[in-house]
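Trainee: coords please:
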Amino acid sequence: MGQISSNEIISIIKSEIEDFEIDKSSRETGSVIWVGDGIATIYGLDEAMYGEIVVFENGVRGMVQDVRENEIGCILFGSDTGIKEGTVVTRTKKRAGIPVGEGFLGRVIDALGSPIDGKGEIKSSDYRPIEEPAPGIVDRKSVNVPLETGILAIDSMFPIGRGQRELIIGDRQTGKTSIAMDTIINQKGKDVICIYVAIGQKSSSVAQIVGTLKKHDALDYTIVVTSTASDPAPLQYIAPYSGTALGEYFMYKGKDVLIIYDDLSKHAVAYRAISLLLERSPGREAYPGDVFYLHSRLLERSARITEEAGGGSITALPIIETQDGDVSAYIPTNVISITDGQIFLESNLFFSGQRPAVNVGLSVSRVGGAAQTKAMKKAAGSIRIDLAQYREMEVFTQFASDLDEGTKAQLEYGRSLMELLKQPLSKPMSLAEQVITLVCATHRTFSGQKDVKGFQNGLLEYFAENGAGIVDKINAEKTLDDELIKQIEDMADKYKAENTPT
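Mentor: Below you'll find the model as predicted:
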């Protein structure tokens with residue numbers, strides 16, 4: 001074998017150098033320099049983007065939340081026990097997202113889209129980022145189709161439209177979640193997909209809610225996204241965004257969606273915990289400066305969009321818990337200014353037996369009559385003003401002994417209205433039942449009755465049996481003319497004559 005000359009060696013080296021290619025598919029990696037409380041600081045991932053998913057060598061995923069000069073801060077979507085200083089972290093170059101699809105209906109999932117109801121894998125049909133820009137003004141339609149809650153106090157005075165954001169606000173244990181549940185139950189057969197997002201709730205409370213939905217056959221069209229109190233703060237932080245991503249999948253397919261965020265007070269607390277651990281400067285009540293943006297970018301994604309954009313809608317019912325009825329606190333005022341109205345539930349009303357405990361004075365819907373059927377608009381009439389006058393008159397007359405007949409009649413009418421607005425749990429009313437009740441109330445049918453609720457139930461049963469034509473007409477046409485009002489009043493008078501003891 002002949003010796004290789006120096007020239008040949010040089011040419012081999014040259015060709016090696018020319019043919020040499022850097023493996024561009026090599027992954028970018030960094031290493032953990034600090035970890036604790038669901039937060040990791042990573043060195044070496046200089047190209048990582050805000051909101052990008054990174055994977056730790058033990059399989060736990062994290063999301064970039066802080067980009068600094070020489071390091072990045074990550075929130076962890078799992079336990080940090082297997083992560084220590086020096087652990088290798090890899091970029092995915094993908095934004096945080098969840099699988100979406102029809103298969104999620106009737107299921108209970110966590111904030112990352114994984115099933116937690118023991119019913120096996122969910123077949124997904126798409127993947128959506130959890131953070132998505134809100135629909136632009138050009139893609140939006142005005143809100144004028146009602147989303148009926150089945151709760152008389154709300155549908156008659158603070159109507160909610162498809163695409164609206166109506167805040168449910170009140171102290172703890174005043175029935176906020178109950179209003180949301182009744183609204184979901186009332187969507188049965190109305191082609192509305194419901195998403196219930198539980199943030200920082202007890203697992204037992206979520207199980208109870210799932211049980212209630214099952215009992216009323218409402219789980220079939222509902223998705224429950226849950227991040228319980230035992231989950232790390234990062235999962236509680238992304239849960240509402242994940243729920244909204246699911247809602248957007250259906251909205252852009254032309255479906256109407258109702259989404260409940262229960263509750264955004266705990267969401268803000270989870271975000272505050274993350275921000276403080278990331279060493280961001282605390283502001284008022286130790287919340288970070290961007291806590292308003294936290295909720296505005298979430299709620300702005302609820303809209304009713306044009307046919308060209310997809311034609312669906314997302315209606316949001318965020319829930320906020322107040323401390324001792326203080327609606328002027330930091331987070332409540334933030335969310336009030338983002339939403340299109342609020343339903344304020346008052347502790348005193350709740351404990352006095354007025355349930356749902358809706359405060360007529362402080363509650364408002366900024367969409368209002370535009371989202372009401374013609375029948376409801378006509379039937380409700382001046383009921384809100386009548387109630388406000390009654391509340392005022394009640395205060396003035398509580399110490400008076402001799403009242404004139406006009407004042408007595410007005411107080412009696414107000415009392416009967418307050419009784420009619422009481423509604424048991426999970427018993428939403430149909431449009432016809434609400435309209436008939438309101439027409440009879442303004443006709444003073446219930447005045448003088450000792451058991452107003454019992455009389456109302458009997459009257460509605462009487463209409464169901466003997467006035468099927470009236471009920472069907474209201475439900476189908478959703479209008480109310482003078483002739484129909486006359487028919488309702490005549491039937492109510494007949495029932496009252498037959499059922500009032502002489």
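Trainee: please count neighbours and contacts with C-alpha atoms only from this point.
Mentor: Noted.
Trainee: show me where pLDDT drops low in this protein?
Mentor: For the chain, the stretches with pLDDT under 70 are 1-3, 20-27, 400-401, 501-502.
Trainee: center of it - which residue?
Mentor: In the chain, the centroid-proximal residue (Cα atoms, centre = their mean) is residue 260; its distance is 1.9 Å.
Trainee: that residue is in contact with residue 197, isn't it?
Mentor: Yes - using Cα atoms under 8 Å, residue 260 makes contact with residue 197 at a distance of 5.9 Å.
Trainee: rewinding a little: just checking, what packs against the strand or helix carrying the residue nearest to the centre of the chain?
Mentor: Assigned by DSSP states H and E, residue 260 belongs to strand 256-262. Counting contacts by 3 or more Cα pairs under 8 Å, 6 or more residues apart in numbering; DSSP states H and E, strand 256-262 is packed against helix 176-186, strand 192-199, helix 233-251, strand 313-321.
Trainee: in CSV, list those along with distance to residue 470.
Mentor: As requested, the helices and strands packed on strand 256-262 are exported to CSV (distance: least, Cα to Cα, whole Å):
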stretch, distance to residue 470
helix 176-186, 21
strand 192-199, 26
helix 233-251, 34
strand 313-321, 30
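Trainee: list the backbone torsions phi and psi for residue 53.
Mentor: Per-residue torsions, residue 53: phi -90, psi 130 (degrees, to the nearest 10).
Trainee: around it, how many other residues sit close by?
Mentor: 24 (other Cα atoms under 10 Å).
Trainee: which residues does it form a beta bridge with?
Mentor: Assessed by DSSP bridges, residue 53 has beta-bridge partners residue 63.
Trainee: check contacts around the residue nearest to the centre of the chain.
Mentor: Residues in contact with residue 260, defined by Cα atoms under 8 Å, 6 or more residues apart in numbering, are 180, 194-197, 316-319.
Trainee: with residue 372 instead?
Mentor: 144-146, 155, 159-161.
Trainee: do you know how far residue 205 is from residue 58?
Mentor: 32 Å (Cα to Cα, to the nearest Å).
Trainee: repeat for residue 325
Mentor: With Cα to Cα as the criterion, residue 325 and residue 58 are 46 Å apart.
Trainee: who has more neighbours, the two?
Mentor: Ranked by neighbour count (other Cα under 10 Å), residue 325 and residue 58 place residue 325 first, with 17 against 12.
Trainee: can you tell me how far the more buried one sits from residue 479?
Mentor: Distance of residue 325 to residue 479, given as Cα to Cα: 38 Å.
Trainee: can you put the contacts of residue 260 in JSON lines and add neighbour count and distance to residue 213?
Mentor: Listed next are the contacts of residue 260 as JSON lines, based on neighbours: other Cα atoms under 10 Å; distance: Cα to Cα, whole Å:
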{"residue": "180", "neighbour count": "22", "distance to residue 213": "11"}
{"residue": "194", "neighbour count": "28", "distance to residue 213": "11"}
{"residue": "195", "neighbour count": "27", "distance to residue 213": "12"}
{"residue": "196", "neighbour count": "25", "distance to residue 213": "11"}
{"residue": "197", "neighbour count": "31", "distance to residue 213": "14"}
{"residue": "316", "neighbour count": "28", "distance to residue 213": "19"}
{"residue": "317", "neighbour count": "27", "distance to residue 213": "17"}
{"residue": "318", "neighbour count": "26", "distance to residue 213": "19"}
{"residue": "319", "neighbour count": "25", "distance to residue 213": "19"}
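Trainee: identify the farthest-apart pair in these.
Mentor: 194 and 319 (15.3 Å; Cα to Cα).
Trainee: thinking again about what came up before, residue 101: which of the helices and strands packed on strand 256-262 is closest?
Mentor: Nearest to residue 101, of all the helices and strands packed on strand 256-262, is helix 233-251, at 7.3 Å by Cα to Cα.
Trainee: how about the helices in the stretch 1-150 of the chain?
Mentor: Secondary structure of the stretch 1-150 of the chain by DSSP state H, counting those that start in this stretch: the helices cover 6-19.
Trainee: and if you look at the stretch 201-350 of the chain?
Mentor: 203-215, 233-251, 264-277, 291-299, 330-338, 347-351.
Trainee: okay, the ones you listed, which one's buried deepest?
Mentor: Ranked by mean neighbour count, these are led by helix 233-251 with a mean of 26 (mean count of other Cα atoms under 10 Å).
Trainee: packing partners of it?
Mentor: Partner elements for helix 233-251 (3+ Cα pairs under 8 Å, 6+ apart): strand 97-100, strand 126-129, strand 192-199, strand 222-227, strand 256-262, helix 264-277, helix 291-299, strand 313-321.
Trainee: for residue 111, find the nearest of those.
Mentor: strand 222-227 (6.1 Å).
Trainee: what's the local residue count around residue 157?
Mentor: 23.
Trainee: which strand or helix spans the closest residue to it other than its chain neighbours?
Mentor: Using Cα to Cα, 6 or more residues apart in numbering and skipping residues adjacent in sequence, the residue nearest residue 157 is residue 384, 6.3 Å away. Per DSSP H and E, residue 384 falls inside helix 383-397.
Trainee: could you dump that helix to PDB, C-alpha only?
Mentor: Coordinates of each C-alpha in helix 383-397 appear next as PDB, following Å, rounded to 0.1, in the frame of the first residue of the first chain:
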ATOM      1  CA  ILE A 383     -91.400  46.600  36.600                       C
ATOM      2  CA  ARG A 384     -87.900  47.900  37.500                       C
ATOM      3  CA  ILE A 385     -89.200  51.400  38.400                       C
ATOM      4  CA  ASP A 386     -92.100  49.800  40.300                       C
ATOM      5  CA  LEU A 387     -89.600  47.800  42.400                       C
ATOM      6  CA  ALA A 388     -87.400  50.800  43.000                       C
ATOM      7  CA  GLN A 389     -90.400  52.800  44.200                       C
ATOM      8  CA  TYR A 390     -91.500  50.000  46.400                       C
ATOM      9  CA  ARG A 391     -88.100  49.700  48.100                       C
ATOM     10  CA  GLU A 392     -88.100  53.500  48.700                       C
ATOM     11  CA  MET A 393     -91.700  53.500  50.000                       C
ATOM     12  CA  GLU A 394     -91.000  50.500  52.200                       C
ATOM     13  CA  VAL A 395     -88.300  52.500  54.000                       C
ATOM     14  CA  PHE A 396     -90.500  55.600  54.500                       C
ATOM     15  CA  THR A 397     -93.600  53.700  55.700                       C
END
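Trainee: that one: which residues count as buried?
Mentor: Under the neighbour-count criterion of 16 or more other Cα atoms under 10 Å, helix 383-397 has 383-384, 386-387, 390-391, 394 buried.
Trainee: give me the contact list for that helix.
Mentor: With Cα under 8 Å, 6+ apart as the contact definition, helix 383-397 has outside contacts at 157, 360-361, 410-411, 414-415, 417-418, 442.
Trainee: residue 168 contacts residue 322, doesn't it?
Mentor: No - look at residue 168 against residue 322 with Cα under 8 Å: they stay out of range, at 10.5 Å.
Trainee: which one's more surrounded, the two?
Mentor: residue 168 (27 against 19).
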